[in-house]
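*Asks:* Below: sequence and its predicted model.
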Amino acid sequence: MDIVLKDKEFDNFQRWLYQTAGIKLSPVKKALVAGRLFKRLKHFQLTSYGEYFSLIIGGEHPAELQLALDLLTTNETYFFREPKHFEFLSQQILPHASAGRPFRIWSAASSSGEEPYSLAMVLAEHLPVNAWQLLGSDISNQVLEQARSGHYPLSRATNIPKPLLQKYCLKGIGNQEGTFIINKQLREKIQFRQINLISPFPDLGLFDVIFLRNVMIYFDQETKQKVVANMLPLLRSGGYFIVSLSESLNGVTEALKLITPSIYQKP
């Protein structure tokens, strides 16, 4: 029997996701929601998406609530996405890193780990091992578990520069053939934490660079303003705030100076 996601049911998921994660689901995402949640309906032998919504917000299945959130917030990412940002980091920022304290970066929408591991490779190439710290955060526990493992299909390695691939990645053999893993030293350097960008932040300390890429496209203007305003106190004076090339902080904050498209600096 086909189970159709009705408009009213979709409205409930839209409202819940906005209240929980600040993410605006446009009507064109209706098929995506239906597709990603369908297996969960089958798992619980439910006959409607409304029944599943009642189940997750009823309070009796907190793990399922998190799983639904994971399914609806997981987005595509890949290694060295938008390479201009990594070039800017290595050529314009890291040469001026202070020698007196660890250089700190926050990858604030780290998804399954490709962005923080790309950053870690760049940092490891330019700074001593004890001279940098890296935080990767996401709202989804599911993608954070994959990120912590540092284990990926070999097809995901395409954009990693060959010297870095050879230096920091191990190719799987035997039953791990067709995969690769980030080496242990690099994996142990990254702290992964579950953080909801629209909730009060835990004590994270100050950062020299904050990457907030490919996530604000899911926020409305009010949510963008709130998220950025909450993050700015965690950015050091002179620090950099980097968004996706398809995003802008125009109308979001006046507290940052535009250096080049998508790259901002805190005075």
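*Replies:* Sure thing, it's come through.
*Asks:* Only the buried residues of stretch 7-16, if you could.
*Replies:* 9, 10, 13, 14, 16 (16 or more other C-beta atoms under 10 Å). To be clear about C-beta, it is placed using only N, CA and C from the backbone, and glycine gets the same treatment.
*Asks:* Break this protein into its domains for me.
*Replies:* Annotated domains of the chain cover 7-73, 83-265 [automatic domain parsing].
*Asks:* Of the buried residues of stretch 7-16, which is the nearest to residue 26?
*Replies:* residue 14 (8.8 Å; C-beta to C-beta).
*Asks:* measure the closest one to residue 191 for me?
*Replies:* 33 Å (C-beta to C-beta, to the nearest Å).
*Asks:* any low-confidence regions in the stretch 101-250 of the chain?
*Replies:* Within the stretch 101-250 of the chain, not a single segment meets pLDDT under 70.
*Asks:* And the helices in it?
*Replies:* Per DSSP state H, counting those that start in this stretch, the stretch 101-250 of the chain carries helices over the ranges 114-126, 141-149, 162-168, 184-187, 221-231.
*Asks:* What is the longest one packed up against?
*Replies:* In terms of contacts (3 or more C-beta pairs under 8 Å, 6 or more residues apart in numbering; DSSP states H and E), helix 114-126 is packed against helix 83-88, strand 103-107, strand 132-138, helix 162-168, helix 184-187, strand 190-194.
*Asks:* Let's see that with 6 Å instead.
*Replies:* strand 103-107, strand 132-138 (3 or more C-beta pairs under 6 Å, 6 or more residues apart in numbering; DSSP states H and E).
*Asks:* Mind checking those strands for the one nearest to residue 233?
*Replies:* Across the helices and strands packed on helix 114-126, residue 233 has its closest neighbour in strand 103-107 (12.5 Å, C-beta to C-beta).
*Asks:* What is the neighbour count of the closest residue to residue 206 other than its chain neighbours?
*Replies:* Leaving out its chain neighbours, the residue that sits closest to residue 206 by C-beta to C-beta, 6 or more residues apart in numbering is residue 236, at 5.0 Å. As a burial measure, residue 236 scores 16 neighbours (other C-beta atoms under 10 Å).
*Asks:* how close does residue 236 sit to residue 244?
*Replies:* Taken as C-beta to C-beta, the span from residue 236 to residue 244 is 22 Å.
*Asks:* likewise residue 170?
*Replies:* When residue 170 is compared with residue 244 (using C-beta to C-beta), they lie 30 Å apart.
*Asks:* With residue 215 instead?
*Replies:* Taking C-beta to C-beta as the measure, residue 215 falls 8 Å from residue 244.
*Asks:* Between those two, point out the one with more neighbours.
*Replies:* residue 215 (24 against 18).
*Asks:* returning to what we had before: which of the domains of the chain is buried the deepest?
*Replies:* domain 83-265 (a mean of 17; mean count of other C-beta atoms under 10 Å).
*Asks:* report the angle between the axes of the strand ranked longest in the chain and strand 103-107?
*Replies:* As assigned by DSSP state E, the longest strand anywhere in the chain is strand 235-243. Using axes from the mean of the first three to the mean of the last three C-alpha atoms, to 10 degrees, the direction of strand 235-243 lies 40 degrees away from that of strand 103-107.
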